[in-house]
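Q: Next input, structure requested:
(one chain, ligands or ions: 1)
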Amino acid sequence: MESIQNNMLPQHLQMNETERKLLAEEEKKYGTKLMEMPKDQKYGMCFACGEENPVGLHLHFFWIPNGVMAFFTPKPEHQSYNGRMHGGLITVLLDEIMGNYLFKKEGVPAYTARIDLRFRTPVQIGTTIRCEGHEVKRKGRLVVMEGVIINPDGTVAAEATSTLMLEK
Ligand SMILES: CCCCCCCCCC(=O)SCCNC(=O)CCNC(=O)[C@H](O)C(C)(C)COP(=O)(O)OP(=O)(O)OC[C@H]1O[C@@H](n2cnc3c(N)ncnc32)[C@H](O)[C@@H]1OP(=O)(O)O
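A: Next up is the predicted model:
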């Protein structure tokens with residue numbers, strides 16, 4: 001269960017209170033507890049999800065029907081123009097949510113071969129955004145995924161389509 005796992009983690013790896021509250025709201029919406037994807041020991045230095053990376057984003061991913069969800073609250077060190085989250089880091093969130101989902105689902109690394117991304121509205125530092133990803137189609141080892149980031153007011157902050165190659 002997420003809440004038990006979260007409490008057992010060191011403070012800097014835990015989801016914050018707002019993220020936990022939003023997770024509970026999503027669970028209410030889906031009518032079920034959402035299971036967290038296990039952390040991968042082999043890739044502990046991953047910038048987006050690794051627990052061993054001292055400057056990482058320490059994301060937590062949850063299975064949702066046909067996809068994946070995560071929350072992120074950008075800090076001052078994640079900005080570009082004052083108060084606005086850096087677009088490169090928004091790209092990291094989208095790349096990761098699509099790639100990590102495939103990795104966990106298939107059990108082999110999924111390498112991003114292409115990512116097309118549209119920044120629609122700014123993400124403000126200190127706000128909690130919701131990231132979602134789901135599979136669109138596949139042909140052999142090539143998989144097309146879609147990802148979206150939603151601001152607290154429900155507006156789309158960014159959306160992306162990526163093509164990933166599954167390792168043989
Ligand atoms: C917990 C651990 C953390 C998990 C994190 C996951 C999230 C992060 C994901 C990433 O960001 S991975 C890092 C960034 N990406 C890379 O480093 C990938 C670098 N590129 C490569 O390694 C290779 O280009 C790649 C493996 C993607 C493909 O090379 P291959 O040599 O295996 O394939 P090839 O180029 O021969 O193409 C094979 C087929 O795929 C097709 N293809 C390749 N790229 C394509 C593309 N982008 N769109 C459409 N088709 C594509 C290509 O046309 C061809 O079709 P055909 O067989 O029909 O001829």
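Q: How many neighbouring residues does residue 108 have?
A: Residue 108 sits with 12 neighbouring residues when counted by other CB atoms under 10 Å. Just so you know, the C-beta spots here come from the backbone N, C-alpha and C atoms, and that holds for glycine as well.
Q: Sorry, wrong one. I was asking about residue 161.
A: Neighbour tally, residue 161, other CB under 10 Å: 16.
Q: ditto for the one 5 residues further on
A: Here the neighbour count serves as a burial measure; for residue 166 (other CB under 10 Å) it reads 18.
Q: surely residue 89 meets residue 75?
A: No. Using CB atoms under 8 Å, residue 89 is not in contact with residue 75; the gap is 10.4 Å.
Q: So if I had to pick from those two, which one is more boxed in?
A: Per other CB under 10 Å, whichever of residue 89 and residue 75 has more neighbours is residue 89, with 18 against 11.
Q: Just give the nearest non-adjacent residue to that one, would you?
A: Spatial nearest neighbour of residue 89, chain neighbours left out: residue 78 (5.3 Å); criterion: CB to CB, 6 or more residues apart in numbering.
Q: For the one you found, grab phi and psi.
A: Residue 78 adopts backbone torsions of phi -100, psi 10, taken as degrees, to the nearest 10.
Q: and it, what does it touch?
A: 85, 86, 89, 125 (CB atoms under 8 Å, 6 or more residues apart in numbering).
Q: Which one (most neighbours) among these?
A: residue 85 (26 neighbours).
Q: Pairing partners for that one in the sheet, please.
A: residue 79 (DSSP bridges).
Q: That one contacts residue 123, correct?
A: Yes. Here residue 85 lies in contact with residue 123, judged by CB under 8 Å, at a distance of 3.9 Å.
Q: To what extent is the spatially closest residue to residue 122 that is not a sequence neighbour buried, counted in neighbours?
A: The spatial neighbour of residue 122 that comes closest, neighbours along the chain excluded (CB to CB, 6+ apart), is residue 84 at 4.8 Å. Residue 84 is flanked by 14 other residues according to other CB under 10 Å.
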